[in-house]
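Q: No letters, just coordinates:
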C-alpha cells in the first residue's frame, strides 16, 4: 500500500525524458553537455553539472543544473549512481530554462531519489509498532543528558551541503574557497567542526529554498 502511495505521488512529477524531448523540439540545434564536478570513488559520492545550449553557436550555456548521488548497496545506485546524477542534473538545468515546470522544478527522478535517501532511522520509526507506556521513572533518571555541540551530524552532511550549494550555482571548488575564506582554514569542509557544518548546511538550505521559490515564480 505504501509503495502504491509513493507511485501515485511520483506520477505527479514530469520525467527528465519529457523535458529533453520538449527541449529538442523547441531547439533542434541545441545541445546538452554534462561533466563530473567531483567524484570520490572510495565513498561513492559524485556531483554532476549539466549545461544547456540553445544552438551550436552559443558560447555560454543558457542554463546550468547540478545534482549529486551517493553509491549504495541497494536499489539502482549500486551500479548506476553516476547515470542517476547525470540525469538529475540535466532535469534541473532544463527546468531552470523553463521546460515542463508546471508541476515544479523537481523531476520525477529527483523525487524518487528523495524517497531512496530517506534516513534509515525515520523509516524504522514508521514501521515500529506503538509501545505500551511504561511506568514513569524517577524524575532525575528521566532528565536527558544535555546535547553536545559536537554531536555527530548525518554521515553525508558534506554531500548535503554541496547539494544545497549547487542549487545556488556553487560547485565543490567554490564551496571550499568560501569555507576557507570565511573560517580562515585551508582544508574546506574537512577543516570544520560538526557544529560549524550544521550551521553552514542550514544557511545554504535556506538560500537554496529562497532561490527555488523565486525561480518557480518567474
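A: Arrived safely, thanks for sending. Small disclaimer: the values here were computed from a predicted structure and weren't measured.
Q: Which elements pack onto whichever helix or strand residue 207 is part of?
A: For residue 207, the element it lies in under DSSP states H and E is helix 194-217. Helix 194-217 makes packing contacts with helix 157-167 when contacts are defined by 3 or more CB pairs under 8 Å, 6 or more residues apart in numbering; DSSP states H and E. (Glycine included, C-beta is placed from N, CA and C.)
Q: now for the helix or strand following the helix it packs on, which elements pack on it?
A: Counting by DSSP H and E, the element after helix 157-167 in chain order, helix or strand, is helix 172-183. Judged by 3+ CB pairs under 8 Å, 6+ apart, helix 172-183 is in contact with helix 157-167.
Q: about what we covered before: pLDDT of the helix holding residue 207, averaged?
A: Average pLDDT, helix 194-217: 76.
Q: and it with helix 172-183, angle?
A: 120 degrees (axes from the mean of the first three to the mean of the last three CA atoms, to 10 degrees).
Q: Okay, buried residues for helix 194-217 please.
A: 196, 197, 198, 200, 201, 204, 205, 208, 212 (16 or more other CB atoms under 10 Å).
Q: And stretch 177-194, by the same measure?
A: 179, 183, 188, 189, 192.
Q: Endpoints of that stretch, how far apart?
A: Using CA to CA, to the nearest Å, the end-to-end distance of stretch 177-194 comes out at 18 Å.
Q: Low-confidence stretches in this protein?
A: Within the chain, the ranges that satisfy pLDDT under 70 run 1-12, 73-77, 101-155, 212-218.
Q: mind listing the helices for it?
A: 2-10, 16-26, 81-96, 108-116, 120-127, 139-142, 157-167, 172-183, 194-217 (DSSP state H).
Q: what helices or strands is the second one leaning on?
A: The reference is to helix 16-26. Counting contacts by 3+ CB pairs under 8 Å, 6+ apart, helix 16-26 is packed against helix 81-96.
Q: packing partners for the helix it packs on?
A: Secondary-structure packing of helix 81-96 (3+ CB pairs under 8 Å, 6+ apart): helix 16-26, strand 31-40, strand 45-53, strand 63-70, helix 108-116.
Q: can you put these in JSON lines and add mean neighbour count and distance to residue 175?
A: JSON lines is the format used below for those (neighbours: other CB atoms under 10 Å; distance: least, CB to CB, whole Å):
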{"stretch": "helix 16-26", "mean neighbour count": "16", "distance to residue 175": "25"}
{"stretch": "strand 31-40", "mean neighbour count": "14", "distance to residue 175": "10"}
{"stretch": "strand 45-53", "mean neighbour count": "22", "distance to residue 175": "10"}
{"stretch": "strand 63-70", "mean neighbour count": "23", "distance to residue 175": "11"}
{"stretch": "helix 108-116", "mean neighbour count": "17", "distance to residue 175": "20"}
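Q: Could you dump those into a markdown table with distance to residue 156 added?
A: A markdown table is the format used below for those (distance: least, CB to CB, whole Å):
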| stretch | distance to residue 156 |
| --- | --- |
| helix 16-26 | 23 |
| strand 31-40 | 12 |
| strand 45-53 | 8 |
| strand 63-70 | 6 |
| helix 108-116 | 13 |
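Q: Quick one: closest of these to residue 84.
A: Among these, the nearest to residue 84 by CB to CB is strand 63-70 (5.0 Å).
Q: Which residues outside that closest one are in contact with it?
A: Applying CB atoms under 8 Å, 6 or more residues apart in numbering, the contact partners of strand 63-70 are 37, 43-52, 77, 81-82, 84-97, 110, 113, 117, 156, 159, 162-163, 166-167, 169, 171.
Q: Cheers, nothing more for now.
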